[in-house]
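Asks: Need the 3D shape of this:
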Amino acid sequence: MFYKDVQISIDEVVIYLRKSQSDEPSMSVEEVLKKHEDILQEFCENEFGQKLPDNQIYREVASGETIDDRPVIQNIMQQMETGFLKGVIVIEPQRFSRGDLQDCGRMVNALRYTNTLAITPQKTYDLNDEYDRKFFEMELTKGSDYLEYYKKIQRRGREASVKRGNYIGSVTPYGYNKLTYEEGKRTCHTLEINPIEADAIRIMVDLYLNKGYGFTKIARSLDEYGFKPRKSEYWSPAAIKDIIENPVIIGKIRWNHRKTVKKLSDGEIVKSRPNNKNDCIIVDGKHEAIIDEETYNKILDKKGKNPRLRKSEELTNPYAGLLYCGTCGRAMSHKKYKQGKNQTGTISQSMICNNQANCHTRSVMYSAFEAKVIESMTKAIKNFEIKLKNNSANSKKMHMNIIENLEADLKALKEKDEKQKDYLEDGIYTKAEYLKRNAKLQEQIAKVRESLLQARNSVPAEIDYQEKIMRFQDCLNALTDSSISATQKNIMLKSCIRKIIYRNNCESKPGIGRYVDNLFELDIYYYL
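Replies: Here you go, the predicted structure:
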């Protein structure tokens, strides 16, 4: 393929496929992608003389609106940054992004500053060209406008269906099964009672109202009775609370209760789902109630009369969002408590699994836990210092040499291919001899192309070990500085550590004492 007198080889392009809101709704994602793939492969045959191999075709099956929600396009953008990718073939520009203007700008900049062409069967866009960029941006903006309009129409349709008493949620509420029925030409959904789960809800309500149980005690009781939650082995207090406070159990439909809200925080868009009283819709559903409305109101009344004192919202656990139990996978918390057997008022601190009542993983003293983290980070810094001294960053240079050698091999093989064709035309080779020799050559070319593609897709990132040493050392200094808040420590830890898995096979039961050997291990996953 030639563009502005510059030849682009088939090895330097990829196909990107994604289903859009504008595609035929009755077609599945697979059907749409296959249809577009056939069109683009025909285009490749006309431009390059052959179809693209499957390893150069990228299929996006995620349905996210933004680039951050679509891992495949992120992968392609990373390949753009290597400089080896010369073009991305799509059915139309809007396939790159139908998100907001920020996403459109991000896509334009990615194509423009990596000198990557956006190739469609109708037109090839060079984003360094002022007019191409203008037309390309117009196409993306048009797609964004259509997406907003389509979402508005969808939202109206959902609200109309809810107001007719239909259940349109993606997750069936506990206590019910989803039921499909026809309403004219429409296929609608409602709920029917699941007898076993409905009995569990009635027990929850009875324990809460008549026995005075709290949500934690109700959860333990349901575990003992043999009732199982949908997606976990044991009940959690939060799940109990959500179930008995959901008006669906009295035959109501609730919509927009937890509407996704986007806010700008530190220059980034953050999504949250706060309780939404203003736009929340609650109407009579078409399904049967599990408990009566009077009982439900008693639940709400009791909740109002027994308010919980809100604890300080200031973070107290520096390892929040990082530390997980190796037995059950649940998060671990930082607990403080007074020693009850003496009058000194000594405060003890420990790290404990939030699901310890069920997984029985033994807790650990906070000081011992943090000492092991500090020891591990100290070793990591020494490792970075060794790599910096040995100039390990040369691995990228070595990898680039491999790519250059493969490119030279491919060029030589292509030149040999041209010579064989010349020999055939000049009568030096018979047709049979040419086919025999060229078949071996094409096999060699295919192998080198495959190796070259793999090498281009696996270029190691150039690591700044000096920066890592400074970042890890700053984090270590913060951990041992009592004047630094847990929130700030948490931020610094998360810049170095992805996850910590706590493993402890010691027996956990009352009476064994806190001062016997407590052997535990930490699997710490760093950003390397």
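Asks: C-alpha from now on. contacts and neighbour counts both.
Replies: Noted.
Asks: low-scoring pLDDT stretches of the stretch 401-528 of the chain, where are they?
Replies: 460-462, 508-516 (pLDDT under 70).
Asks: meant to ask about the stretch 201-350 of the chain
Replies: 258-278, 303-314, 339-345.
Asks: could you redo the last one with a cut-off of 50?
Replies: 306-310 (pLDDT under 50).
Asks: At which residues are the helices of it located?
Replies: 215-225, 237-244, 293-305 (DSSP state H, counting those that start in this stretch).
Asks: can you check the chain too?
Replies: 29-48, 71-82, 101-113, 130-163, 195-209, 215-225, 237-244, 293-305, 356-359, 366-389, 394-425, 431-457, 465-479, 486-494 (DSSP state H).
Asks: List the buried residues of the third one.
Replies: By neighbour count with 16 or more other Cα atoms under 10 Å, helix 101-113 contains the buried residues 103-104, 107-108, 110-112.
Asks: Looking at the helices of the stretch 201-350 of the chain, which is nearest to residue 178?
Replies: helix 237-244 (16.4 Å; Cα to Cα).
Asks: which residues are contacting the closest one?
Replies: Around helix 237-244, the neighbours that count as contacts under Cα atoms under 8 Å, 6 or more residues apart in numbering are 174, 201, 204-205, 215-216, 218-219, 296, 299.
Asks: and if you look at stretch 122-134?
Replies: 108, 111-113, 115-119, 136.
Asks: Can you add pLDDT and distance to residue 442 and give the residues you listed back as JSON lines?
Replies: Formatted as JSON lines, the contacts of stretch 122-134 follow (pLDDT from 0 to 100; distance: Cα to Cα, whole Å):
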{"residue": "108", "pLDDT": "90", "distance to residue 442": "37"}
{"residue": "111", "pLDDT": "92", "distance to residue 442": "32"}
{"residue": "112", "pLDDT": "91", "distance to residue 442": "34"}
{"residue": "113", "pLDDT": "91", "distance to residue 442": "35"}
{"residue": "115", "pLDDT": "91", "distance to residue 442": "30"}
{"residue": "116", "pLDDT": "93", "distance to residue 442": "28"}
{"residue": "117", "pLDDT": "94", "distance to residue 442": "28"}
{"residue": "118", "pLDDT": "93", "distance to residue 442": "29"}
{"residue": "119", "pLDDT": "93", "distance to residue 442": "27"}
{"residue": "136", "pLDDT": "88", "distance to residue 442": "38"}
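Asks: can you redo the residues you listed as CSV with distance to residue 243?
Replies: As requested, these are exported to CSV (distance: Cα to Cα, whole Å):
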residue, distance to residue 243
108, 46
111, 48
112, 51
113, 51
115, 54
116, 52
117, 52
118, 50
119, 51
136, 49
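Asks: Out of those, give me the two with the largest separation.
Replies: 113 and 119 (16.1 Å).
Asks: What distance do you get for residue 213 to residue 176?
Replies: 24 Å (Cα to Cα, to the nearest Å).
Asks: Between those two, which has more neighbouring residues?
Replies: residue 176 (22 against 16; other Cα atoms under 10 Å).
Asks: wait, the more buried one sits on residue 190?
Replies: No: in this structure, residue 176 is not within contact of residue 190 by Cα atoms under 8 Å, at 9.6 Å.
Asks: Return the residue of the chain that is most distant from the centre.
Replies: Farthest-out residue of the chain from its mean C-alpha position, per Cα atoms, centre = their mean: residue 427, at 60.0 Å.
Asks: what's the distance between residue 131 and residue 137?
Replies: Counting by Cα to Cα, the separation of residue 131 from residue 137 is 10 Å.
Asks: Thanks a lot, see you next time.
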